[in-house]
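Coordinates for the following, if possible.
(one chain, ligands or ions: 1)
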Amino acid sequence: MTKFNVPDMSCGHCTAAIEKEIKGADQAANVSCDLSDQSVTIQSHLTPDALLAVIKQAGYEATRI
Ligand SMILES: [Cu+2]
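All right, here's what the predicted structure looks like:
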């Protein structure tokens, strides 16, 4: 399980965009976005670096926490 901070994630549209992008890269991924602390927790076979790239691809800067 990998957790990221995504500071620009501010509403349901953001979380949906991030979830969609991650599911597109790994259909079996488990994604949990928390707007209260702007974190995204992901269970996936993808590496943390690959997940970072996918979040970036969705248009968001992220850091691993
Ligand atoms: Cu939004």
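
Pull up the gap between the residue sitting furthest away from the middle of the chain and H45, please.
Distance from the centre of the chain peaks at S36, with 14.6 Å (Cα atoms, centre = their mean). Distance, S36 to H45, using Cβ to Cβ, to the nearest Å: 28 Å. In this view, the C-beta of every residue, glycine as well, is placed from N, C-alpha and C.

before we move on, what about Q38?
25 Å.

Which residue of these two possesses the greater neighbour count?
More crowded of Q38 and H45, by other Cβ atoms under 10 Å: Q38, with 18 against 8.

check contacts around that one.
Counting by Cβ atoms under 8 Å, 6 or more residues apart in numbering, Q38 touches 5-7, 9-10.

what about 6 Å?
Contacts of Q38 were listed using Cβ atoms under 6 Å, 6 or more residues apart in numbering, and they are 6-7, 9.

And for S44?
When contacts are counted by Cβ under 6 Å, 6+ apart, S44 touches 26, 29.

mind starting the numbering at 428 from now?
Renumbered: residue one is now 428, and that last one reads S471.

Please enumerate the helices of the chain.
439-452, 475-484 (DSSP state H).

Having no further points to raise, I will conclude here.
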